[in-house]
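Novice: give the three-dimensional model of this entry:
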Amino acid sequence: MLSKVGIEVVDAHAHFFTASTLKAWNLRGRTREGFEQRTRSRTDMTSIELPDESTDVAQMWVDEMDRYGITAMGFMVGAEAYDEFLEAKARFPGRFMGYANINPGDTEAAEKVDKAARDGLQGIKLYPSSWPELHAYDAACYPVYEAALKHRFPVFLHFGITIGGQADLRHGNPLDIQVPSRDFPDLNFVIAHFGAGFFRELLLLQYQADNVYMDSSGSNSWMRYLPYDLDLRKIFERAITTGGAEKVIFGTDSTFFPRGFRINILEQQYEAVKSLSVGSDAIVSVEDIDAIFRGNILRLNGFTPKNL
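Specialist: Numbers count the residues shown, from 1 in each chain. The predicted structure follows:
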């Protein structure tokens, strides 16, 4: 299947939110009003249609994939929506990749990684920026890394700033994963959102570690909070020249409707990468473009998309 930009696309990073997710947020004190206010001020969402019990979230995402020609999407899945996501994978084989949200502070964290493997998911997601008393290099995280390695799971990590407002930036530096990446050389770590404000640190990791990747997901609005100018083209150029095109993975960070699939993110990032493939100083090949927008994530997680 060819996407709206003319190439095959697998979106590595989105979020699967259901009515069950929202109920859990309410129990933790996150109000709809507060969330909507924060998203309006920091994202391109001008309105949000939050799902209720009657919402068929899986069908809505498949309709979006079909509308824009997206082969498959990878979803970060919280415990509240976990069973609903498994149903989505079963209903639409080859379209949904899943990454289980894991908190290493949970005494059963490693067992939850094992369960994700038994349930046919493709990896796990860790959120160090939201851990108040835990760093990604702490010993408590190592059983999770060991379980992920056993199942050959890639480990996605969100460092840096976060729209949710719960970030503790003392735990938000991607350099925290440098020692675990050394201790687990056969385990692949994927830093989301180009480090979400810690891009320099992520580039330094490319020098130290061969098993650290980065995903491009989201608007990357963290650029506005740096003391120097960056744009998407420069970000991709730096990422590719430091770690290579094989270390960069496309994602949109799509979340809620009516925005749905963030086609604008795909268009902007594709144009930025394509611009690096022209001229005498080109650093990107056709094969590199395919790797970034499709091949790299499939190589890391072993997923087989449905032929469409």
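Novice: contacts for the strand or helix carrying Gln59?
Specialist: Following DSSP states H and E, one finds Gln59 within helix 57-68. Helix 57-68 has contacts (CB atoms under 8 Å, 6 or more residues apart in numbering) with 3-4, 14, 16-18, 51, 70-73, 75, 84, 87-88, 91-92, 95-96, 254, 257, 260-261, 263, 266. All C-beta spots, glycine's among them, are computed from the backbone N, C-alpha and C.
Novice: in PyMOL, how would I select the buried members of these?
Specialist: Buried members of these, defined by 16 or more other CB atoms under 10 Å, are picked up in PyMOL with:
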select buried, resi 3+14+16+17+18+51+70+71+72+73+75+84+88+92+95+96+254+257+260+261+263+266
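Novice: and the helices in the protein?
Specialist: Ranges of helices within the chain are 19-27, 32-42, 57-68, 82-91, 109-118, 142-150, 178-183, 199-208, 232-243, 263-275, 286-290, 296-301, based on DSSP state H.
Novice: now, of those helices, which is deepest in the fold?
Specialist: helix 296-301 (a mean of 21; mean count of other CB atoms under 10 Å).
Novice: what's the spacing between that helix and its chain's center?
Specialist: 13 Å (CA atoms, centre = their mean, to the nearest Å).
Novice: for the helix holding Gln59, what does the pLDDT average out to?
Specialist: Taken as a whole, helix 57-68 carries a mean pLDDT of 97.
Novice: re earlier: just put the helices of the chain in a markdown table and tack on distance to Leu157.
Specialist: A markdown table is the format used below for those (distance: least, CB to CB, whole Å):
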| stretch | distance to Leu157 |
| --- | --- |
| helix 19-27 | 20 |
| helix 32-42 | 21 |
| helix 57-68 | 24 |
| helix 82-91 | 19 |
| helix 109-118 | 14 |
| helix 142-150 | 11 |
| helix 178-183 | 10 |
| helix 199-208 | 11 |
| helix 232-243 | 16 |
| helix 263-275 | 20 |
| helix 286-290 | 24 |
| helix 296-301 | 14 |
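Novice: roughly how far apart are Ile191 and Pro305?
Specialist: Noted for Ile191: a distance of 24 Å to Pro305, by CB to CB, to the nearest Å.
Novice: tell me which of the two has more neighbours.
Specialist: The neighbour comparison of Ile191 against Pro305 (other CB atoms under 10 Å) goes to Ile191, with 26 against 18.
Novice: surely that one touches Tyr213?
Specialist: Yes: Ile191 lies in contact with Tyr213 (CB atoms under 8 Å); the separation is 7.1 Å.
Novice: any weak-confidence spans in the stretch 51-200 of the chain?
Specialist: The model of the stretch 51-200 of the chain has pLDDT under 70 over residues 164-165.
Novice: 50 instead?
Specialist: For the stretch 51-200 of the chain, no stretch is flagged by pLDDT under 50.
Novice: now the end-to-end length of stretch 281-297.
Specialist: Taking CA to CA, to the nearest Å, the first and last residues of stretch 281-297 lie 27 Å apart.
Novice: rounded mean pLDDT for that stretch, please.
Specialist: 97.
Novice: contacts for that stretch next, please.
Specialist: Contacts of stretch 281-297 (CB under 8 Å, 6+ apart): 7-10, 12, 71, 74, 97, 213, 216, 237, 240-241, 245-250, 270, 273-274, 276-277, 303.
Novice: buried ones among those residues?
Specialist: Using 16+ other CB under 10 Å, the buried ones in those are 7-10, 12, 71, 74, 97, 213, 216, 237, 240, 245-250, 270, 273-274, 276, 303.
Novice: what about Thr55, distance to Glu271?
Specialist: According to CB to CB, Thr55 stands 33 Å off from Glu271.
Novice: please apply the same query to Asp229.
Specialist: Per CB to CB, Asp229 is found 18 Å from Glu271.
Novice: how big is the angle separating the helix holding Gln59 from helix 263-275?
Specialist: Using axes from the mean of the first three to the mean of the last three CA atoms, to 10 degrees, the inter-axis angle of helix 57-68 relative to helix 263-275 is 40 degrees.
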